[in-house]
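Engineer: all I have is the shape, not the residue letters:
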């Protein structure tokens with residue numbers, strides 16, 4: 001993960017920890033690991049690793065959300081777009097944000113954060 005995106009994700013996680021609605025379940029599935037061998041990559045694929053999974057996955061009140069985080073000006077890859085389309089097609093909520101303000105605003109719009117707090 002690029003450093004800027006990593007810092008953005010850490011900041012978003014701080015908001016989720018401080019302001020997440022009670023009962024909100026969220027997680028990050030590491031997808032960008034560089035495997036030491038081709039065999040290891042094949043094993044991971046066999047275990048269900050899926051290219052393009054969004055950076056943050058959230059589940060609340062029987063609804064599924066996926067938030068893709070990008071450095072400012074960056075766009076999702078074709079695999080990420082395909083994943084987002086699949087989430088939407090299955091009734092989930094999905095968005096891409098390229099700043100902390102945009103990510104927090106989206107989480108607030110989805111009703112996943114409560115109150116306002118300085119982090």
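Structural biologist: Everything's here; your move. The structure presented is a predicted model; accordingly, all values stated were derived computationally and were not measured.
Engineer: where are the low-confidence patches of the protein?
Structural biologist: Scanning the chain for pLDDT under 70 picks out 1, 32-36, 117-119.
Engineer: for the spatially most central residue of the chain, phi and psi?
Structural biologist: Of all residues in the chain, the one closest to the mean position by C-alpha atoms, centre = their mean is residue 56, 2.1 Å from it. Per-residue torsions, residue 56: phi -130, psi 130 (degrees, to the nearest 10).
Engineer: tell me which element residue 101 falls in.
Structural biologist: helix 100-109 (DSSP states H and E).
Engineer: list of residues touching that helix?
Structural biologist: In this structure, residues lying in contact with helix 100-109 by C-beta atoms under 8 Å, 6 or more residues apart in numbering are 8, 11-12, 15-16, 67, 69, 95, 97, 113. Yep, even glycine has a C-beta here, placed from its N, CA and C like the rest.
Engineer: out of those, name the ones that lie in strands.
Structural biologist: Here DSSP state E is the test, and these give 67, 69, 95, 97 as lying in strands.
Engineer: grab the nearest non-local neighbour of the first one.
Structural biologist: In this case it means residue 67. Leaving out its chain neighbours, the residue that sits closest to residue 67 by C-beta to C-beta, 6 or more residues apart in numbering is residue 56, at 4.4 Å.
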